[in-house]
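Visitor: Build me a model from this:
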Amino acid sequence: MSVSARVDLALLGVRGSLPVRRSAGAGPSDDGHLLIDGLSAAVPRNPLSPYVLDGDQVLLDGAETGLQVSAIERPAFYDLRTDEGIEYEKIAKLHGKDVLATTVMQTCIRYDPSQRCRFCTIEESLRSGATVAVKKPAELAEVAEAAVRLDGIKQMVMTTGTSAAKDRGAKHLARCVRAVKAAVPDLPIQVQCEPPGDLATLTELREAGAESIGIHVESLDDAVRAEWMPGKATVTLDEYRAAWTEAVRVFGRNQVSTYLLIGLGEDPDELVAGARELIDMGVYPFVVPFRPHPGSLAVDVDHACAPRGDVVEDVTRRVGKELIVAGMVGSDQKAGCAACGACSVLQNVGG
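Guide: Okay, the predicted model is just below:
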């Protein structure tokens, strides 16, 4: 697949029906999940996109692009409910072809407009009734077992909104990991959280059974952080670096990752230099284009636009080259966003 075409799809999205999708939540949203030339892809659903799904092809302004597409089918576990009547889909969702993902706590202390990350819609899915506020460990275990048994799930991602506790939500993640591992011991799990106040909590997450961890900073530029994520920016970059260092010690090289968003205003050269610093630490920099999501402050207040495609391609190619030189490939991670790769273009450049 042409990298430029994949970048276009990541930014412009597609028109057409996709059985597996989500419209709000933590991280990228309003996405549809499909396979493009055999690789997982999460692309925006955009009724104005020049790209159109037509069977197993993608058309551009009516012309064939040569891209082979398979829509991800609706999983069987979505048809089930807990004994309390909660739909499994409200507890965890299918991402890509074989990733089970959940936000174990759907509220965040930073969601007040003065503190909120401007790209985030974590509480919007809760307000719409698409999910529940707190996922119980036993229910997550029940859903994970069914998803593995019925739909061949290969890995799981657990993220969380930030709590007011010192651990910032990590201890509830550990409880959820333990429960899922008791039900499906061989299912690899990635956890995602802010740097916990006590770094020993990282060992607790590993001992609970998590194989990899994402500690997501989104930008290494303090001015960008203050503008785009004022609440989260109160956690200093020194705290992040200390957490990454300890996480690499606990989980291992290339089992720790962080999101870096392209398009928040950070200088591309500095973004690549920051990614190189992370790679040297053993941390995988998961570079992902910023995509404006309805319900976010970026869209509703700032009217922000997605970055230019040439910038996304340039940064992705350069970071991918650094990863290749360092021998760090996303698919070598045991679980998580980099292992899936659907939200980035890194897998298309060998990273």
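Visitor: Tell me where the model's unsure across the chain.
Guide: 1, 20-30 (pLDDT under 70).
Visitor: Scan it for its longest helix.
Guide: Identified as the longest helix of the chain according to DSSP state H is helix 309-326.
Visitor: After it, heading C-terminal, what element do we hit next?
Guide: As assigned by DSSP states H and E, the chain's next helix or strand after helix 309-326 is helix 337-340.
Visitor: Extract the CA atoms of that following helix and return them as CSV.
Guide: The C-alpha coordinates for helix 337-340 follow below in CSV (Å, rounded to 0.1, in the frame of the first residue of the first chain):
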residue,chain,number,x,y,z
CYS,A,337,-1.7,0.1,20.5
ALA,A,338,1.7,-0.3,18.9
ALA,A,339,1.2,-4.1,18.6
CYS,A,340,-2.2,-3.4,16.8
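Visitor: Quick one: list the elements packing against the longest strand anywhere in the chain.
Guide: Longest strand in the chain by number of residues (criterion: DSSP state E): strand 63-71. Contacts defined by 3 or more C-beta pairs under 8 Å, 6 or more residues apart in numbering; DSSP states H and E place strand 63-71 against strand 31-36, strand 51-54, strand 57-60. Backbone N, C-alpha and C define where each C-beta goes, glycine included.
Visitor: Flag every buried residue along that strand.
Guide: Buried residues in strand 63-71, counting neighbours by 16 or more other C-beta atoms under 10 Å, are found at T65, L67, V69, A71.
Visitor: Tell me which strands that strand pairs with, and in which orientation.
Guide: Using DSSP bridges, the strands paired with strand 63-71 are strand 31-36 (antiparallel), strand 57-60 (antiparallel).
Visitor: Give the phi and psi angles for S17, as a check.
Guide: phi -90, psi 130 (degrees, to the nearest 10).
Visitor: For it, list the residues it contacts.
Guide: L53, A71 (C-beta atoms under 8 Å, 6 or more residues apart in numbering).
Visitor: 6 Å instead?
Guide: Residues near S17 by C-beta atoms under 6 Å, 6 or more residues apart in numbering: none.
Visitor: Quick check: the residue nearest to S70 when sequence neighbours are not counted vs R276, distance?
Guide: Excluding the flanking residues, the one nearest S70 by C-beta to C-beta, 6 or more residues apart in numbering is L35, at 4.3 Å. Remark: distance between L35 and R276 (C-beta to C-beta, to the nearest Å) = 31 Å.
Visitor: what do you get for L205?
Guide: Distance from L205 to R276, by C-beta to C-beta: 27 Å.
Visitor: who has more neighbours, those two?
Guide: Shown here are L205 and R276; by other C-beta atoms under 10 Å, L205 has more neighbours (24 against 17).
Visitor: just the strands in this structure please.
Guide: Using DSSP E, the strands found in the chain span residues 21-22, 31-36, 39-44, 51-54, 57-60, 63-71, 93-95, 99-103, 155-159, 189-192, 212-214, 256-262, 283-289.
Visitor: before we move on, the earlier item: show me the one of the strands paired with strand 63-71 that comes nearest P230.
Guide: Nearest of the strands paired with strand 63-71 to P230, taken as C-beta to C-beta: strand 31-36 at 25.6 Å.
Visitor: quick one: that closest one to strand 39-44, angle?
Guide: For strand 31-36 against strand 39-44, the angle by axes from the mean of the first three to the mean of the last three C-alpha atoms, to 10 degrees is 150 degrees.
Visitor: got the angle for strand 31-36 vs strand 99-103?
Guide: Relative orientation of strand 31-36 versus strand 99-103 (the same axes, to 10 degrees): 160 degrees.
Visitor: what comes into contact with strand 31-36?
Guide: With C-beta under 6 Å, 6+ apart as the test, strand 31-36 has contacts from 18, 20-21, 41-42, 44-45, 67, 69-72, 96.
Visitor: how many other residues sit next to the residue nearest to P19 when sequence neighbours are not counted?
Guide: Closest residue in space to P19, ignoring its immediate chain neighbours: R74 at 4.3 Å, by C-beta to C-beta, 6+ apart. Using other C-beta under 10 Å, the number of residues around R74 comes to 15.
Visitor: Renumber starting at 53 from here on
Guide: Sounds good: first residue 53 from here, last item R126.
Visitor: Distance check, R126 against L91.
Guide: 20 Å.
Visitor: and what of N400?
Guide: For N400 relative to L91 (C-beta to C-beta), the value is 7 Å.
Visitor: With G393 instead?
Guide: Taking C-beta to C-beta, one finds G393 at 7 Å from L91.
Visitor: higher neighbour count, these two?
Guide: Each of G393 and L91 has its neighbours counted (other C-beta under 10 Å); G393 has more, 24 against 17.
Visitor: Tell me who's in contact with that one.
Guide: G382, Q399.
Visitor: same thing but at 8 Å, please
Guide: L91, S92, G148, G382, S383, Q399.
Visitor: who wins for neighbours among the residues you listed?
Guide: Busiest of those [other C-beta under 10 Å] is G148, holding 24 neighbours.
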